[in-house]
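Trainee: From the sequence below, what's the structure:
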Amino acid sequence: SDADKIAGKLNGKSFVVQRQASETGQLYGSVSARDIASMLVDGGYTVARNQIALHAPIKMIGLHTVPVALHPEVEVTVTVNVARNADEAERQARGEAWRG
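Mentor: Numbering: from 1, shown residues only. Take a look at the predicted model:
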């Protein structure tokens, strides 16, 4: 099915989101399911906002695992790398802990 095709390409992918944040890593705002859905669509994936199984908006810098329910029986996870800049995103992707 289409969901299986998308799942094969999408599962385990990582997406970087840049946001302003305080010294403690608290975002000035948040990353919502709508933000994640539009990021996936921009990346060429067919995903609707209601398929992003994010229970609460992301409000901290770091790597966040987000489930995406493509179909009632097909769920994948993506990693959302929330950082203040590309440098910080790269360090987090390499596994270096965020130091607040």
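Trainee: For the lowest-mean-pLDDT helix or strand in the chain, name the packing helices and strands.
Mentor: Here the helix or strand of the chain ranked lowest by mean pLDDT, DSSP states H and E is helix 2-10, holding a mean of 91. Where contact means 3 or more Cβ pairs under 8 Å, 6 or more residues apart in numbering; DSSP states H and E, helix 2-10 is packed against strand 62-71, strand 74-83. No exception for glycine: its C-beta is placed from N, CA and C like everyone else's.
Trainee: what's the last one in contact with?
Mentor: Contacts made with strand 74-83 from outside it, assessed by Cβ atoms under 8 Å, 6 or more residues apart in numbering, are listed as 1, 3-4, 7, 10-19, 27, 31, 36, 39-40, 53, 58, 60-70, 89, 92-93.
Trainee: now it and helix 2-10, what's the angle there?
Mentor: Compare the direction of strand 74-83 with that of helix 2-10 by axes from the mean of the first three to the mean of the last three Cα atoms, to 10 degrees and you get 40 degrees.
Trainee: in the next helix-or-strand element following strand 74-83, what's buried?
Mentor: Per DSSP states H and E, the first helix or strand lying C-terminal to strand 74-83 is helix 86-93. Neighbour counts over helix 86-93 (16 or more other Cβ atoms under 10 Å) mark 88, 89, 91, 92 as buried.
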